[in-house]
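Visitor: 3D model of this:
(chains A and B)
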Amino acid sequence: DGGITQSPKYLFRKEGQNVTLSCEQNLNHDAMYWYRQDPGQGLRLIYYSQIVNDFQKGDIAEGYSVSREKKESFPLTVTSAQKNPTAFYLCASSIARGNGYTFGSGTRLTVV
Amino acid sequence: GIQVEQSPPDLILQEGANSTLRCNFSDSVNNLQWFHQNPWGQLINLFYIPSGTKQNGRLSATTVATERYSLLYISSSQTTDSGVYFCAVAFSGNTPLVFGKGTRLSVIA
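Guide: Residues are numbered from 1 along each chain as shown, chains lettered A, B, ... in the order given. Next up, the predicted model:
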């Protein structure tokens, strides 16, 4: 079945560590997105990519980095520069025109 | 940037009741989508509806683009309808969706 897979579901990070969240899709979608969700809040855009080897910053890109070396994959690295990384991270994909986003099941990141 | 306001923020319904959720946006859009987030965090796309009316079972949505609002109707609500409903918009198909803060719906038996 086609879909979008995020891993891991839960991730614990020590202060000062970088961690990478995985996002893989087999929907043949061109565009991929990373959003952050804090309790009781909507989703805020971190980064997005519309084609391989190209990506743009969203509203809250500071402290995060991404790569898009393959159409299917869009990993997100949460760096030690991100001051408050504890949140729920959601990856999505869509066709180039952007209608009909498909979301992964999310990764809950906790700093310990 | 574009602003998205959803109302009400919270809604509690008895099973079988109907409800209307509203989404106002601050500028012209040509991409508007409604999502349901279940209690486990999974987001499901309900409608792609930049204008007009669509129906899918007990759910329907209407967007009046010229007046910058969209409505999501839920009829004969069930406990499985509980969760958070998000409206999200974009200026064009090439710009990412901007999300509202959502309406949290609780349906009680």
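Visitor: Could you see whether chain B lies near stretch A:105-112?
Guide: Yes - Stretch A:105-112 is in contact with chain B by C-beta under 8 Å from any C-beta of the partner chain, via A:105, A:106, A:108. Bear in mind the C-beta positions are built from the backbone N, C-alpha and C, glycine included.
Visitor: Secondary structure element for the first one, which one?
Guide: Assignment of secondary structure by DSSP states H and E places residue A:105 within no helix or strand.
Visitor: got a list of what it touches?
Guide: Going by C-beta atoms under 8 Å, 6 or more residues apart in numbering or on different chains, residue A:105 touches A:5, A:6, A:9, B:40, B:41, B:42.
Visitor: can you rerun that using 6 Å?
Guide: Each residue near residue A:105 by C-beta atoms under 6 Å, 6 or more residues apart in numbering or on different chains is listed here: A:6, B:42.
Visitor: before we move on, what about residue A:24?
Guide: Residues counted as contacts of residue A:24 (C-beta under 6 Å, 6+ apart) are A:5, A:72, A:73.
Visitor: Next, count neighbours for the second one.
Guide: By the other C-beta atoms under 10 Å in any protein chain shown criterion, the neighbourhood of residue A:72 contains 18 residues.
Visitor: What of the one 10 residues further on?
Guide: The number of residues packed near residue A:82 is 23, by other C-beta under 10 Å.
Visitor: Please tell me how far the closest residue to it other than its chain neighbours sits from residue B:90.
Guide: Nearest non-adjacent residue to residue A:82, counting by C-beta to C-beta, 6 or more residues apart in numbering or on different chains: residue A:63, 2.9 Å away. From residue A:63 across to residue B:90, the span is 24 Å (C-beta to C-beta, to the nearest Å).
Visitor: With neighbour numbers in mind, choose between the two.
Guide: Counted by other C-beta under 10 Å, residue A:63 and residue B:90 do not tie: residue B:90 has more neighbours, with 20 against 15.
Visitor: just checking, the more buried one touches residue B:97?
Guide: Yes - between residue B:90 and residue B:97 a contact is recorded at 5.1 Å, counting by C-beta atoms under 6 Å.
Visitor: shared neighbours of these two, which are they?
Guide: Joint contacts of residue B:90 and residue B:97 (C-beta under 6 Å, 6+ apart) do not exist.
Visitor: And the pLDDT at residue A:32?
Guide: On pLDDT, residue A:32 comes in at 96.
Visitor: And for it, the neighbour number?
Guide: Burial measure for residue A:32: 26 neighbouring residues, criterion other C-beta under 10 Å.
Visitor: just for chain A, where's the confidence low?
Guide: A:1 (pLDDT under 70).
Visitor: Around chain B, pick out the residues from it.
Guide: By C-beta under 6 Å from any C-beta of the partner chain, the residues of chain A that approach chain B are A:33, A:42-43, A:45, A:48, A:97-101, A:103, A:105-106.
Visitor: ok, those residues vs residue B:3, which is closest?
Guide: residue A:42 (11.3 Å; C-beta to C-beta).
Visitor: Can you report how many residues neighbour the closest one?
Guide: Residue A:42 sits with 18 neighbouring residues when counted by other C-beta under 10 Å.
Visitor: give me phi/psi at it?
Guide: phi -80, psi -170 (degrees, to the nearest 10).
Visitor: hang on, the earlier thing: if you rank the residues of chain A next to chain B by neighbours, which is first?
Guide: Within the residues of chain A next to chain B, residue A:43 tops the neighbour count with 27 neighbours, counted by other C-beta under 10 Å.
Visitor: I appreciate the help and will end here.
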